[in-house]
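J.: Any chance you could fold what I've pasted below:
(chains A and B)
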Amino acid sequence: MDKSFNAFKMAQDQFDAVADKLNLNEASREFLRTPMREYHFSIPVKMDDGTSKVFRGFRIQHNDALGPCKGGIRFHPQETVDTVRALSMWMTWKTSVVDIPLGGSKGGVICDPHNLSDREQEQICRGWVRQLHKNVGPLRDIPAPDVMTNGQHMLWMLDEYETITGEKYPGMITGKPVGMGGSLGRTEATGYGAIFTVREALKEMKLSIEDTTASFQGFGNVSQYAIKLYEQLGGKTLCISSWDQQDQTSYAFYKKEGINLNELLEITDRFGGVDKRKAKDLGYEVLPGDKWIEIDCDILIPAAMENQITGENVHKISSKVKLIAEGANGPTTPEADEVLKERGIFIIPDFLCNAGGVTCSYFEQVQCNMNYFWSKDEVLGKLDYKMTTAYHKVSKLAREKKLYMRDAAYMISVDRVVRASVARGWI
Amino acid sequence: MKSGQKFDRETGFFHDGFTYIGTGLPGGKASGLALSQNILKKHFPEGDIAGMQVNIPHTTVLLSGVFDVFMKENNLYEISLSDASDEDIALSFINASFGGSYAGDLFYLIENIDKPLAVRSSSICEDSLNEPFAGFYETKMVANNQVSSTEKYNALINAIKYVYASLFFQQSKKYFQTINKDICKEKMAVIVQEVVGDRHGDNFFPYISGVLKSYNFYPSEQIEPDAGFAALAFGLGKTIVDGSSCWSYCPRYPRTPQPFNNMKDLLNNTQKEYWAVNLGKINNYNPVAETEYLVHNSIFDLEDKKLLRHICSTYDYDNDRLIMGVQNYGAPVLDFAPVLRAETLPLNTVINQIIKACEDETNSKVEIEFAVSLGAANNSQPRFGFLQLRPINISNEIIDLPEISDNSEDLLLTSQKVMGNGRSNDIFDIMYIRPENFNIQYTNQIAADIAELNAIFTTNKRKYLLIGFGRWGTSDPWCGIPVKWPQISNAKVIVETVLPSMRADFSQGAHFFHNMTAHNVFYFSVDKEDAKNLDWNWIQQQKTVNETKFVKHVRLKQNLTVLVDGRHSKGSIFKNEDKKQ
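T.: Next comes the predicted model:
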């Protein structure tokens, strides 16, 4: 990743541009371009070898005008507070654009779980909650899994919270395993949500999904379920890229007649890495990882990392591409955005396209607060309903005001947050 | 045939005509509906006949591809093809998920409808001319009146899954085995259709449900077969489909009295109960029951008897006669006299015009299901909802019966009321209900015994002659033998005859008869007079192969010859003891 890239600056630039379009007053700009609250703290942990180690933790609550904050917790050795700030702001826009009554936040701990035992990770989780138990919870701020955290981490955190408060609060955190307060459909939610928006976009573009082809960046949870639904609806996937842990680089796997999802899943490790030797045997062309963007297809779906479509590689996108659906957070830089606008490529912006995850997390919280759990069909039906409704609101505004889709989405979500803040008498 | 428009969330359910969701085929029933829609548009572009609105109810079809994805995604074939009970199979389906492809469309669908819905099967094999699957699969009505859209949604998808599961119920699997077809090749589309009717308190039902056939396999003596017949019932059509008491008449001669022996006979055999969708409290949550959202009421409990004004007469006890319409005294009798004789509704005019249009367009005899509602307000226009159209297969082979003397020793039986047309020379087996042990209390047990013996015939791939008392295929065990079609699937000839304790009454179970027609099964109705010729002594002398307390299977030394003259609805069965035909 480009080390000069500052996600928070990019998030602020995006916000400033929208603020201009909405003609926001100075107070609103000032209030929304920086987080409402930030918690920075230390988590001392007794390591397995008897030594003590101190980890730095954060929780950034960008805005809670629409409801309790919602956002993931990342465990990453290169974590920076600016990245977490940016992500918390994007969470505010994301919950707002799909019209769920939540604000935005993000948290993290600077650590590398690969080098930590389960016990050490548990201590970090419990330490994180001990520092923050007064500032998170079902009515304040609801964490969720994110980069290198999972359902087990969430359960440790929940248990610590319930131990401290002496009460049961299954809605304190989401992303829990099914049967332990988790929601059916959560695993599929982000990938399916992205394809729901793709499906609606294609309808508007008068393209039959059965006649389209796509290339995906990444082959983790989001991509896998997105490809599954895309193919069920009739689309054909030509290429996926995936990170190779051993070679510390990514590869793209291409098949002209279309990939076979089940076949690839059988040769994929739990981090989404595809065995390139076996892939070759199955007839795939194994290409450098960044080649996914150059494939002659109708749809590009970056679904793994931020900062993937840049000023440098945007010109390599095939002239055949008509739609980019941003399954990942922040995959397109502002410079690349300008080129895409000029080329007339239709964009489904990240905080709309990948909002299926947070929407399903919201459903999980609702179910937990009721302590009554829904069927998978109920979850997926409501998810589709929410995502489709949100998509059409954005798309309608974009058409009516002749706006770029990202700008339209920002305008809707920022406007909602501004109105809520004004209604509360904050600004 | 695929008609209508792709389901669109913006315009929703209430399209003109019908919409479809998913990919694949629409199935027999939905194709029939598409054809009906085209016929109505062509012949009655105003959507009105004689002041009655005529249309097909708002409908969305889940095409067979939805079923394919559902089965595959949830790995349901394993339990479906196992020996698991029907209930276990249905529960497995209900616990499975539609996944991302269709759950959202169904959620949108239900968000926009607040009327009771019928969820019907429309399988690829069902209702086609050559593959009779009519009435095999379940239909489920849902009240769809819950406050929360989530509850409505769950009720709808559970109903769809239940209909899917019914493809793999025991009777269906046995049937596929019988006809030597791979059940895995069957695919099911599902019709989600607005129930035609009106609300009456906590109940919702059509004023009249009906089945029309433009060819009558049981015409009475003065009426020609192609004059057709119609069966009418108050409330949901389940009354007719189940073979319960309803009112039959000939649309060409609507004023012709029905052949009841006397007033008591008429009073005993007219409809007294009706089915309705229950809009009130559901006491028994049971997603694997067809009747979960239905109630079965007595017409005598109707709060507003005037509701029956178009369809009933009143019994005048003192004079032992019927007075047309609702009177202040006497019991209502559903003989549909006001609508058929006094034409208080133009129903028969509509029926005749629709039959003609459908026959012209399909170039064949047809069977039609419909429902009529009066409309909620007093000045509302009545509505004829066209529910189904199915061509009827009538063999054109001409059979001339030989002259028969009643005392001919070679004659096993003869009848003047026979369904079907053609000949058969390949029957060596007879299964019959033992007259000496017959008791009307045990008709359910008799049905079970017959099913057991039929299964042996299925395994051995043999056809047989079936003889019993009362109405075959009735749902009322006091009227006859309550078998379903798969339980007698290997019968080539079916005889209903009489005992002093059991009056033979012709069945109107539409699906039952459609199956018989399509399989070219001959149906002999043997009344008191003809029953004298039925040679019980000879039958009982034949070699017994299997027997239960109530049923016996005998094997013959010589094949039977069955001759049926469909033009005159006559038929005879010969023993062939001395000669070969």
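
J.: Closest residue of chain A to chain B?
T.: Here chain A gets closest to chain B at one residue, residue A:384, 2.3 Å apart by C-beta to the nearest C-beta. From N, CA and C alone the C-beta is placed, and that goes for glycine too.

J.: Residue B:103 is in contact with that residue, correct?
T.: Yes: judged on C-beta atoms under 8 Å, residue A:384 makes contact with residue B:103 at a distance of 6.1 Å.

J.: hang on, the earlier thing: list the buried residues in the helix or strand containing the residue of chain A closest to chain B.
T.: Following DSSP states H and E, one finds residue A:384 within helix A:376-401. Residues A:376-388, A:390-395, A:397-398 are the ones in helix A:376-401 that count as buried (16 or more other C-beta atoms under 10 Å in any protein chain shown).

J.: Contact residues of chain B facing chain A?
T.: Counting by C-beta under 8 Å from any C-beta of the partner chain, the residues of chain B lying close to chain A are B:9, B:23, B:69, B:97-101, B:103-108, B:111, B:150, B:153-154, B:157.

J.: can you tell me which of those residues are in strands?
T.: Applying DSSP state E to the residues of chain B next to chain A, no entry is found in strands.

J.: Give me the spatial nearest neighbour of residue A:127, chain neighbours excluded.
T.: residue A:43 (3.7 Å; C-beta to C-beta, 6 or more residues apart in numbering or on different chains).

J.: Let me know the pLDDT of that neighbour.
T.: pLDDT, residue A:43: 98.

J.: Check which helix or strand it maps to.
T.: Using DSSP H and E, residue A:43 maps to strand A:37-46.

J.: Which strands or helices does the helix or strand following that strand pack on?
T.: Remark: after strand A:37-46, the chain's next helix or strand is strand A:52-63, criterion DSSP H and E. When contacts are defined as 3 or more C-beta pairs under 8 Å, 6 or more residues apart in numbering or on different chains; DSSP states H and E, strand A:52-63 sits against strand A:37-46, strand A:69-75, helix A:81-97, strand A:104-109, helix A:118-132.

J.: can you list contacts of the helix or strand following the last one?
T.: Spelled out, that is helix A:118-132. Counting by DSSP H and E, the next helix or strand C-terminal to helix A:118-132 is strand A:141-145. For strand A:141-145, the surrounding residues in contact (C-beta atoms under 8 Å, 6 or more residues apart in numbering or on different chains) are A:59, A:61, A:64, A:68-73, A:102, A:105, A:107, A:135-136, A:151, A:153-154, A:157, A:171-175, A:358, A:361, A:365.

J.: any idea where the helices of the stretch 201-350 of chain B begin and end?
T.: For the stretch 201-350 of chain B, applying DSSP state H, counting those that start in this stretch gives helices covering B:238-241, B:263-268, B:337-340, B:347-362.

J.: in the helix or strand harbouring residue A:199, what counts as buried?
T.: Using DSSP H and E, residue A:199 falls within helix A:186-204. Within helix A:186-204, the residues scored as buried using 16+ other C-beta under 10 Å are A:186-203.

J.: Show me what residue A:71 is bridged to.
T.: Note on residue A:71: beta-bridge partners by DSSP bridges are residue A:143.

J.: Can you give me the neighbour number for it?
T.: Residue A:71 has 31 neighbouring residues, counting by other C-beta atoms under 10 Å in any protein chain shown.

J.: any idea how far it lies from residue A:95?
T.: Going from residue A:71 to residue A:95 by C-beta to C-beta, to the nearest Å gives 9 Å.

J.: so what sits against both of those two?
T.: residue A:104.

J.: Can you pull out the low-pLDDT segments for the stretch 151-300 of chain B?
T.: Across the stretch 151-300 of chain B, the ranges flagged by pLDDT under 70 are B:178-179, B:217-221, B:243, B:259, B:261.
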